[in-house]
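Asks: only geometry, no sequence info:
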Ligand SMILES: Cc1cc2nc3c(=O)[nH]c(=O)nc-3n(C[C@H](O)[C@H](O)[C@H](O)COP(=O)(O)O)c2cc1C
Ligand SMILES: CCCCCCC(=O)C(=O)O
């Protein structure tokens, strides 16, 4: 069936809901606890207002940006890692990587994918996509080390260490639903490792929470990051930094980039929004390494605001799942294409012809409290 006109990401969200069973929909949509952070990530963008320039000849706009170490991206939006994509569509992560390639975006693959990193890597080579690999650190370091080496061999270009998940946030809907990976799906990076195999079916309160507390290392600290550094020559990016002081520690630990993130409001609830944390992290980093953000980006104006503050780019999580559940790889590239055209349009309407020009204008946006 041809989907109706889908004009906004919210249209994709609503349309995709029909294609998802409740267990999957709740898992994808949930935030932790009372979902304050989830809502604030989105609403905080509204406190930033754009100050448009006029009469600036906006016929040609350059949305490209140096994404990492000189590698260009045609527009500043990447795909955040999200687990268990085969709950959204048959081909799961393979559809996402195809959608990423079709829209010249980059994909961060989750440690907890339902397609192995090797299979995603093979497909990425065929379709010409850039992939990074997101890492969770297991109590059993041999599992973590083997994941790093497998990701390297699969052709990933950077490792993304998630640092906001020492333990799992309490997502109430998942607990009510007794969420676990549906029986027909695999925890694909761990198939051969029964130790790390997630319990199947509805066990106890949430099979997911049980698995995390038995396997994931809550003692993760800055030394763990140094240990990871000794295991790979790939750039290491930390995802989940929310404060300037932690950004300075990340710099000291020698990271190659930071993603300001609160895990889409799925971990600690009642946090500041990521767009509110971004300026403090940027001040601390002072242009020494790239800083991206994710959380609540839902249109081209949000991208403009984050980039105007100084972000190298943004990542989107749930919107890609909505595209995936709407129409597989075509849906992913449609969602990314929509963001790209909205960003282009927002630059035109506000009189900025390139990201450089936007970032050089220190008054492009204003916080509403300053009016
Ligand atoms: C269903 C779902 C699964 C996620 N899985 C992962 C994951 O495996 N690893 C990770 O680092 N972050 C994970 N995240 C967090 C995202 O990478 C990202 O931080 C968040 O979705 C950004 O917010 P947004 O959904 O508002 O764009 C997940 C988020 C969602 C919604
Ligand atoms: C160590 C926690 C693993 C959570 C995996 C998936 C995820 O990040 C999410 O559901 O959010």
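Replies: Received the coordinates, thanks. This is a predicted model, so every value here is computed, not measured. Ligands and ions are numbered 1, 2, ... in the order given.
Asks: got the contact list for the closest residue to residue 79 other than its chain neighbours?
Replies: Closest residue in space to residue 79, ignoring its immediate chain neighbours: residue 107 at 4.4 Å, by CB to CB, 6 or more residues apart in numbering. C-betas here are computed from N, CA, C, even on glycine. For residue 107, the contact set (CB atoms under 8 Å, 6 or more residues apart in numbering) comprises 78, 79, 96, 97, 100, 120, 124, 129, 130, 131, 132.
Asks: of those, which is the nearest to ligand 1?
Replies: For the contacts of residue 107, the minimum distance to ligand 1 (CB to the nearest ligand atom) is 8.8 Å, reached by residue 79.
Asks: near the closest one, how many other residues are there?
Replies: Other residues within reach of residue 79 by the criterion other CB atoms under 10 Å amount to 29.
Asks: just list whatever residues bridge to it.
Replies: residue 107, residue 316 (DSSP bridges).
Asks: how much space between it and residue 334?
Replies: 13 Å (CB to CB, to the nearest Å).
Asks: please apply the same query to residue 345.
Replies: Residue 345 is 16 Å from residue 334, where distance means CB to CB.
Asks: of these two, which one has the most company?
Replies: Shown here are residue 345 and residue 334; by other CB under 10 Å, residue 334 has more neighbours (19 against 15).
Asks: that one: helix or strand, and which one exactly?
Replies: Using DSSP states H and E, residue 334 sits in helix 318-350.
Asks: likewise for residue 270?
Replies: Using DSSP H and E, residue 270 sits within no helix or strand.
Asks: could you find the closest non-adjacent residue to it?
Replies: Residue nearest to residue 270 in three dimensions, not counting chain neighbours: residue 36, with 4.8 Å by CB to CB, 6+ apart.
Asks: before we move on, what about residue 260?
Replies: Closest to residue 260 by CB to CB, 6+ apart is residue 293, at 4.2 Å.
Asks: is that neighbour located within a helix, as I assumed?
Replies: No. With DSSP: H, G, I helix; E, B strand; the rest coil as the criterion, residue 293 is strand rather than part of a helix.
Asks: what's the burial count for it?
Replies: 30.
Asks: quick check: pLDDT value at it.
Replies: Per-residue pLDDT puts residue 293 at 99.
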